[in-house]
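1. I would like the atomic coordinates for the input below:
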Amino acid sequence: MTAIGWIQIALYCAIIVAITPVLGGYMTRVFNGERTFLSPIFRPVEAALYATAGVDEKREQTWLMYTVGMLLFHVGGFAILYALQRFQDLLPFNPAGQSTVAPDLSFNTAISFITNTNWQNYGGEGTMSYLTQMLGLTHQNYLSAATGIVLAVALIRGFARASARTVGNFWVDITRCTLYILIPICVPYCLFLVWQGMPQTLGAYVDATTLEGAKQTIALGPVASQIPIKMLGTNGGGFFNANAAHPFENPTAFSNYIQMISIFAIGAALTNVFGRMVGNQHQGWAILAVMGVLFIAGVVLCYWAEAHGNDILNAMGLTGGNMEGKEVRFGTVASALFAVITTAASCGAVNAMHDSFTALGGMVPLINIQLGEIIVGGVGAGMYGMLLFVIISIFVAGLMVGRTPEYVGKKIEAKEVKMAMLAILVLPLMYLGWTAVAAVNPQAVSQLNNNGPHGFSEMLYLYTSSTGNNGSAFAGISANTLFYNITGAVAMFVGRFWMIVPAMAIAGSLAAKKTVPASAGTFPTTGGLFVGLVVGVIAIVGGLTFFPALALGPLVEQLAMRAGTVF
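-> All right, here's what the predicted structure looks like:
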């Protein structure tokens, strides 16, 4: 570990804190329907879209109507993306002549991108045409990100409103999010990446001759237009198989740092949106502090583990940290920091191979995902995931003092607690359950490149990442099989939507309640005590899911032996 490394980490945290109130204030105005500096440009476009689609922007929806609209929207997105993959060999903008994508892989990829997971069981440059990348994957990157954001805003409205039946209008929210937030940031971001050396072309792949005289095909394409929303929307799906470790997808240390900042930008800003909408910005800062404590703890542990390296190599005098699976242009600190950011934010992009991290270094990304998209999390998903833990924490505090728990003026009762627990507990059910099934399936085990504990970790990481809608991987597993494509898709679907529906039910319940004035017995939710309580509850709940995952190893090993699988 070096002073320069710690300075990079400290500067990153300072930048995120600095942009949070700026972007949060702007997003609040957008979702409140107020005029912004972009209104003269986008207001006519917005009005035209409503007129074309038959949307009444002044008519709001109940939580159930909002949720149904969101689900139907994703059914359409799935159909479009699946069809693009199945017919891409017949469609234009396919200079490399990519063939049609297999049905099970198309199914997995379509579910992956509509759920904001972006798990990829394929190499992008060898599988997807330019049209599929642009119209299918990039298109869903925008819409799945916008969906997560507006769902968080709907839940925030539930806390902010009183005696209300509605939580907003899904079609209006997603239109405004895309027009006023995502596109205006991504367009200049794209130009910046082109300046840094990222390709943006519809031309064919280029053949080059190496120094040894061999022929090498260099993949190109419309890369720069996909990467901004990949990072800003915490999607994570790469144009290339090597993702952000590829020099065309992450050319410089400067582009790497900007990409890391953009991963956290919107998720952190949503904490400020929460504070502004409930009328107390200190509430938002308290939630950001909880996220910050968990994030910094992960960064310190992961950076230390990777900088310390392998004890066996250190004893041989081969010091300098663990550089296996890392790009020299990024080094240990930027690789470790990126790994923690991308798993804390449910992004899934990688600039180093997590499969090559040390045991402790690789444990941090796994724990980040298993906590349930709450350390900033996917755009929107982190906010509503964290609010679910806040509800549980406030309930615990109420039990300790013997009074009905309250949060930002709303009484937290049995319905909200039950819905929160349902959303939280479905995650370990998916990743522990599917890992156990895979471990006793001979075909699934045969796809592992490592035996023993590390092979088990590859499977556990696959289902943890899928359920947590992260998309990163311990890449030592060959997951493009019928079994992994189908079970992974199920985990992604359940992990996304079985968490959203209870969260929206909570939004509707809270919006209908009256605001309760604070009293002398009200638990303060803006100070260090509250931050410590929420961190403690998250640690306890996380432990209840993580330690069973560790204990699952010996049990699965015995079952695997009885099933005749080599594990």
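
2. okay, M459: pLDDT?
-> Looking at M459, its pLDDT stands at 87.

3. Give the helix, strand or coil label for F42.
-> Here F42 is recorded as helix under DSSP: H, G, I helix; E, B strand; the rest coil.

4. who's in contact with N469?
-> N469 is in contact with T115, N116, T117, S346, E373, G378, A381, M492, G495, R496, counting by C-beta atoms under 8 Å, 6 or more residues apart in numbering. All C-beta spots, glycine's among them, are computed from the backbone N, C-alpha and C.

5. Same question for T252.
-> Residues in contact with T252 (C-beta under 8 Å, 6+ apart) are Q196, G197, R329.

6. And L131, by the same measure?
-> L131 neighbours (C-beta under 8 Å, 6+ apart): L84, Q88, L91, P92, F93, N94.

7. Closest one of those to A164?
-> Distance to A164 across these (C-beta to C-beta) is lowest for L84, with 39.8 Å.

8. these two touch, right, that closest one and T132?
-> Yes - judged on C-beta atoms under 8 Å, L84 makes contact with T132 at a distance of 5.0 Å.

9. Name the residues contacting each of those two.
-> In contact with both L84 and T132: L91, using C-beta under 8 Å, 6+ apart.

10. Report the spatially nearest residue to the spatially most central residue of the chain, omitting neighbours in sequence.
-> Residue closest to the average C-alpha location in the chain (C-alpha atoms, centre = their mean): S346, at 2.3 Å. Nearest non-adjacent residue to S346, counting by C-beta to C-beta, 6 or more residues apart in numbering: G378, 3.6 Å away.

11. Just give me the neighbour total for the one you found.
-> Counted with other C-beta atoms under 10 Å, residues neighbouring G378 total 34.

12. and Q133, that's in a helix?
-> Yes - judged by three-state DSSP, Q133 forms part of a helix.

13. quick one: pLDDT of it?
-> Looking at Q133, the pLDDT reads 92.

14. Number the residues from 32 up from this point.
-> In the new numbering, first residue 32, that becomes Q164.

15. wait, it sits on F270?
-> Yes - under the criterion of C-beta under 8 Å, Q164 makes contact with F270 at 6.3 Å.

16. of these two, who's got more company?
-> The residue with more neighbours, out of Q164 and F270, is F270; 28 against 25, by other C-beta under 10 Å.

17. residues in contact with that one?
-> With C-beta under 8 Å, 6+ apart, F270 has these contacts: G155, E156, Q164, G252, V254, Q257, I258, F279, E280.

18. hmm, back to that, wait, the residue nearest to S377 touches L263, no?
-> No - using C-beta under 8 Å, G409 makes no contact with L263, being 11.4 Å away.

19. shared neighbours, these two?
-> A176.

20. The contacts of T283 in helices, which ones?
-> Secondary structure from DSSP state H places Q227 of these in helices.

21. which one of the contacts of T283 sits closest to G507?
-> Closest to G507 out of the contacts of T283 is R360 (23.5 Å), distances taken as C-beta to C-beta.

22. quick one: low-confidence parts of the chain?
-> 349, 574-598 (pLDDT under 70).

23. Can you show me the strands along it?
-> 237-240, 246-249, 437-438, 441-442 (DSSP state E).

24. Looking at those, which one is packed in the most?
-> Neighbour counts (mean count of other C-beta atoms under 10 Å) averaged over each of the strands of the chain peak at strand 437-438, with a mean of 23.

25. and it, what does it pack onto?
-> In terms of contacts (3 or more C-beta pairs under 8 Å, 6 or more residues apart in numbering; DSSP states H and E), strand 437-438 is packed against helix 412-432.

26. now the helix it packs on: how far from the chain's centre is it?
-> Centroid displacement of helix 412-432 relative to its chain, using C-alpha atoms, centre = their mean, to the nearest Å, is 21 Å.

27. do the same with stretch 559-574
-> 21 Å.

28. And for stretch 142-150?
-> With C-alpha atoms, centre = their mean as the basis, stretch 142-150 stands 10 Å off its chain's centre.

29. Repeat that for stretch 498-516.
-> Using C-alpha atoms, centre = their mean, the offset of stretch 498-516 from its chain centre is 15 Å.

30. Need the distance between the two termini of it.
-> End-to-end span of stretch 498-516 (C-alpha to C-alpha, to the nearest Å): 13 Å.
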